[in-house]
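Student: pasting the structure only:
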């Protein structure tokens, strides 16, 4: 199904049955999960927007650091917290000597109005009078844009084995919002089942380290193998060893 366009989603008696792709092929599955982006008729409409800015520069924001995650708190000119994520050549995201920086926050105005203050704090904007700066990375390229946060309608209106995910809002760094969505969909598909079962914990003797126990077991196995080897020796070899010991004592 990768790189394949869907033509139809089949629902019978309020139960999802499968899909039909652009070539007319019918594909069945027990469950269906998709982002609300691909189902405009089920969207509530963009109630929120995210302000974004992508910057390409020749130096790291913090010298010697390839990857960075920063958070700018609100100020008199910055209404919402701004998340700054830098990717460098160490992640194969940019050529050597170049860095890509993403700035994001919840929109209150245009992306430039929301983020320009933070951009000017972190970077040097090249001008004819001052084309570069030694104190800040110089911007090679910058793009400002606003993205809609798509939300789906009430999931109770969908078939029991059909679910749509929402775009995450910008509240900080992490996957808590996506994790919450995954848990909600899992509960819908598998009611009563534990979302992520806890692994069984092994209880060790406080006085013994697990590694020491493993080493002790290995030593015992080695000793046992030695005893078996000695018992398997021919009788003439054992007599020769005994006679040698007698001569040594004499």
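Tutor: Thanks, I have the structure now. Note that this is a predicted model, so its numbers are computed, not measured.

Student: Quick check: which ranges of this structure have low pLDDT?
Tutor: Within the chain, the segments meeting pLDDT under 70 span 1-2, 45-46, 155, 170-173, 202-250.

Student: what separates the most centrally placed residue in the chain from residue 107, distance-wise?
Tutor: Nearest to the centroid of the C-alpha atoms of the chain, with distances taken as Cα atoms, centre = their mean, sits residue 175, at 7.7 Å. Remark: distance between residue 175 and residue 107 (Cβ to Cβ, to the nearest Å) = 21 Å. In this view, the C-beta of every residue, glycine as well, is placed from N, C-alpha and C.

Student: Same check on residue 78?
Tutor: Applying Cβ to Cβ to residue 78 and residue 107 gives a distance of 13 Å.

Student: got any residues that touch both of these two?
Tutor: Both residue 78 and residue 107 are contacted by residue 114, under the criterion Cβ atoms under 8 Å, 6 or more residues apart in numbering.

Student: These two: which has the busier surroundings?
Tutor: Neighbour totals were compared for residue 78 and residue 107, and residue 107 leads with 22 against 18 (other Cβ atoms under 10 Å).

Student: Now that one: closest residue in space, sequence neighbours ignored.
Tutor: residue 49 (3.8 Å; Cβ to Cβ, 6 or more residues apart in numbering).

Student: Secondary structure of the one you found: a strand, I assume?
Tutor: Yes - assigned with DSSP: H, G, I helix; E, B strand; the rest coil, residue 49 falls within a strand.

Student: Bridged to it, which residues?
Tutor: residue 148 (DSSP bridges).
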